[in-house]
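1. Everything below, folded, please.
(2 chains)
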Amino acid sequence: MLDPKFLRTELEATAERLATRGFILDVERLSKLEEKRKSLQMATEELQASRNAISKSIGQAKAKGEDVAPIMAQVGDLGSQLDAKKQELSELLETLNAIAMSVPNLPDESVPAGADESENVEVRRWGTPKEFNFEVKDHVELGEVLGGLDFKTAVKITGSRFIIMKGQIARMNRALAQFMLDLHTTEHGYTEAYVPLLVNEESLLGTGQLPKFGEDLFHTKPATEEGQGLSLIPTAEVPLTNIARDTIIDEAELPVKLTAHTPCFRSEAGSYGRDTRGLIRQHQFDKVELVQLVKPEDSMAALDALTAHAETVLQKLELPYRTVVLCTGDMGFGASKTFDIEVWLPAQNTYREISSCSNMQDFQARRMQARYKAKSAKKPALLHTLNGSGLAVGRTLVAVIENYQNEDGSITVPEVLRPYMGGLEKIG
RNA sequence: GGAGAGAUGGCAGAGUGGUCGAAUGCACCGGUCUUGAAAACCGGCAUGGGUUUGUAGCCCAUCUAGGGUUCAAAUCCCUAUCUCUCCGCCA
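-> Below is the predicted model:
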């Protein structure tokens, strides 16, 4: 959620900045509603104030033992007038709030303008794609030959976009997650967390999955009037970031750096037909998430650091990658700036997204009322929140399988994973 | 799952219809005292919103949440959520 002041006093400028990311703000409608809100709220509060005053004087008169009847007569139909205004006001506020909740974050000044992913800007490249002197296979073929990836049986049990892993491939999937967690906790200063995989509606509103993107989620029961029940997390960002919801953190505790390894569940309603083959786009996948809660002045530096933490995973695995900064039109709903890390996939002969690291600034914090209190400050202020994948485990597995394949279809186990796989050097 | 008890400010904890946004204690901040610190003493100390040139003043809201009763609700009624105790079940 944007600062409501932007929508009140800087409406035009805000609309312009939102337009760069392809979001059209209905300025005219909003300013009319806002004007109405102002007068209605003042009228309502005035009525309220006079009712309070009369009620108070009744209490005082009674205490003195005076006759209350003449004062009672003053009340008249104040109550019903007040109820009507209150009703009208709350409906208006609800409308305004619904608009505010569906407006995306403002892009940071440093974000390149652009309409879609073709205008993202590469900021760096690491490693050199390996030259293979044989025909490379993709992970689906390699996995099936090794008996480690079973797409067919998963379809029988659940449906498409689910996977059964077995044997050393399953073990490598687990090893990757362990390796990432250990790296972030021992070298990057994150605290490991174990979190609920089912979350309530408030949490999803807090991080911005709701109200707009409910169809991307799996819900445990059908939508009802009261809500939509608990939902499976699409990312550990939701539980991790919501830890700070409705809290005031002492400045001395900042920055808060949390990591968790969880399965993630995405229905990806809009993406049928994309990446139908293989592990790239699954309804269920594991991810190690990084979340930081920081002071506003630290958040841009924290984004660089967090992105570097995610990149370190690929460096240690010796997987070539490039990092791009997303242009205004390609950023997620709540982000003010996002770096995507893309890993080299030889079978596709291209770089594919494996991590997305974003600075949400105070966008989520405002929705969540996640604040911190500085010693010198009188009032608590909103935190800045950041999150990033460090990394998506399934896609990392794909990258390892494809980049470390040998001509005979076996997979060399990356050096850093061997301690997690009983010293195993090769699969197959 | 059954039965009972609860939910009040950062924390603990009073308050059962009328100047209650809320006693008191702790914590915290400022001051006096002290070489310094502690103790003691004095003072301050919730959040959100509106109005406003205003971090002044005034006004509104908030005692888990949502409804209701009333001129008036922390206080009475209903519903939801959560917590605790006991029983059952379970990894």
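
2. Please list the residues of chain A that sit near RNA strand B.
-> Residues of chain A that fall close to RNA strand B, judged by CB under 7 Å from any atom of the strand: A:4, A:8, A:38, A:41-42, A:45-46, A:48-49, A:51-56, A:58-60, A:62-63, A:68, A:72, A:75, A:79, A:248, A:375, A:378-380. No exception for glycine: its C-beta is placed from N, CA and C like everyone else's.

3. List buried residues within these.
-> Buried members of the residues of chain A next to RNA strand B, scored by 16 or more other CB atoms under 10 Å, are A:54, A:58, A:380.

4. burial count for residue A:24?
-> Per other CB atoms under 10 Å, the neighbour tally for residue A:24 reads 8.

5. now it, what's its secondary structure?
-> Taken by DSSP: H, G, I helix; E, B strand; the rest coil, the conformation at residue A:24 corresponds to coil.

6. Among the buried ones among the residues of chain A next to RNA strand B, which ones are in helices?
-> Under the assignment DSSP state H, these contribute A:54, A:58 to helices.

7. returning to what we had before: now intersect the residues of chain A next to RNA strand B with the helices, please.
-> Judged by DSSP H, the subset of these located in helices is A:4, A:8, A:38, A:41-42, A:45-46, A:48-49, A:51-56, A:58-60, A:62-63, A:72, A:75, A:79.

8. Okay, helices next: where are they in chain A?
-> Assigned by DSSP H, the helices in chain A fall at A:4-8, A:11-19, A:27-64, A:69-75, A:78-101, A:139-146, A:151-157, A:167-186, A:201-207, A:237-242, A:299-316, A:363-368, A:393-403.

9. so how far is the first one off the chain centroid?
-> Centroid separation between helix A:4-8 and its chain, computed with CA atoms, centre = their mean, to the nearest Å, is 23 Å.

10. and for that helix, what are the contacting residues?
-> Under the contact criterion CB atoms under 8 Å, 6 or more residues apart in numbering, helix A:4-8 has outside partners A:14, A:30, A:34, A:99, A:100, A:103, A:106.

11. Please repeat the previous calculation with a cut-off of 10 Å.
-> If you take CB atoms under 10 Å, 6 or more residues apart in numbering as the criterion, helix A:4-8 is touched by A:1, A:13-15, A:17-18, A:25, A:27, A:30-31, A:33-34, A:37-38, A:96-97, A:99-100, A:103, A:106, A:366.

12. Buried subset of the residues you listed, written for ChimeraX?
-> Selection of buried members from those for ChimeraX, criterion 16+ other CB under 10 Å:
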select /A:1,14,15,17,18,25,30,33,34,37,96,100,103,106,366
